[in-house]
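Chemist: Fold the following, please.
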Amino acid sequence: MNIAILGANSHIAKDLVASFANSTGYHCQLFLREVAALDSDIRRIAERKSYPVLDYSSFSVDSCFDAIINFVGVGDPARAKMMGAQIFEVTEQYDQLALSYLKQHPSCKYIFLSSGAAYGSSFEEPVGEGTKALFPINNLQSQDWYSIAKFYAECRHRAMPDLNVVDVRVFGYFSHRQSIDARFFLSDILRAIKSNQVLGVSPENMVRDYLAPADFFQLVKKILSAPPANDVVDCYTLEPIDKFSLLSSIKHEFGLQFEVVGDSAKLNATGAKSNYYSLNRNAEKFGYMPVESSLSGVLSEIELYLGNDAVREVRL
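Modeler: Next up is the predicted model:
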């Protein structure tokens, strides 16, 4: 299967490329804005597997792709805040690139990386199959732009029912390739462990569902091998986890030091989300069955990041 990866330098894309490289039957072409900026580890994988690394000017409707997977977007809350309304333009530009190809090649499958944020701004309770998207239309703020951009892209896809498009809403995701410079909660944890510093956390609890690379790869493979569909799925693990249970487990396993501080530790560039996970199991129709829980996935990936020697030292 020949697969075009748009946004190949994103965190999740890099993990997926590595997963494809360790499997048979897949050939990837990696597209990104600056070829020279490709992560060195992924570049080595691409060279070993003869995956072309190209800029977007090389993407052509005359190419032969069985599938397109679009990761282009904002992978960091701090960057989302900085981009502001540009999120609309970036999301639409590369989505239209893929859709234009599908119109010329209707048998091609398209997986669009959406977000749980497409449900809107209210996550006082987890979302489900009957949940409606909610936006404060008379009081829109910059933190809503990311959510609305994803929601609009999904609307565009549903309005083209003859095209093979599956939107994959990611709520939480973590792997050992996560940049510790990003402003995600788990990036903050990695920085604290690596520097042996005390992590300051806000007093509010929250619940997250952190997908691990193996389960994401499983879901993608299921969609690629399924009959053509125009649909949307929510990502989920065996079980979500709350913030303080996760912190306690990481403290026990890896020696994390943390303390509860004021609200200054929070960065809500896309809005506060107390229960940011989904009970929607639409992915089951594709045959998806998660193997990892949020906790098991996060602990395994932190261990990979730190290396076995460092983990053994903490446990001793």
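Chemist: where does this protein have low pLDDT?
Modeler: Scanning the chain for pLDDT under 70 picks out the ranges 74-82, 263-272, 308-316.
Chemist: Please enumerate the strands of it.
Modeler: Assigned by DSSP state E, the chain shows strands spanning 2-6, 27-31, 53-54, 67-70, 109-115, 165-170, 172-173, 198-201, 207-208, 210-211, 231-234, 241-242, 257-260, 275-276.
Chemist: and the third one, how far out from the chain's middle?
Modeler: In other words, strand 53-54. The chain centre lies 21 Å from the centre of strand 53-54; the measure is Cα atoms, centre = their mean, to the nearest Å.
Chemist: what do you get for the fourth one?
Modeler: Relative to its chain's centre, strand 67-70 lies at 14 Å (Cα atoms, centre = their mean).
Chemist: Does Ala192 touch Leu186 like I think?
Modeler: No - look at Ala192 against Leu186 with Cβ atoms under 8 Å: they stay out of range, at 10.5 Å. C-beta: built from backbone N, CA, C; applies to glycine.
Chemist: How many neighbouring residues does the closest residue to Gly128 other than its chain neighbours have?
Modeler: Ranked by Cβ to Cβ, 6 or more residues apart in numbering and with sequence neighbours excluded, the top spatial neighbour of Gly128 is Leu279, at 4.3 Å. Using other Cβ atoms under 10 Å, Leu279 is surrounded by 15 other residues.
Chemist: Measure how the longest helix anywhere in the chain sits relative to strand 109-115, angle-wise.
Modeler: As assigned by DSSP state H, the longest helix anywhere in the chain is helix 86-104. Inter-element angle recorded for helix 86-104 and strand 109-115: 160 degrees (by axes from the mean of the first three to the mean of the last three Cα atoms, to 10 degrees).
Chemist: Kindly spell out which helices and strands sit in contact with helix 86-104.
Modeler: Here helix 86-104 touches strand 2-6, strand 67-70, strand 109-115, helix 145-158, going by 3 or more Cβ pairs under 8 Å, 6 or more residues apart in numbering; DSSP states H and E.
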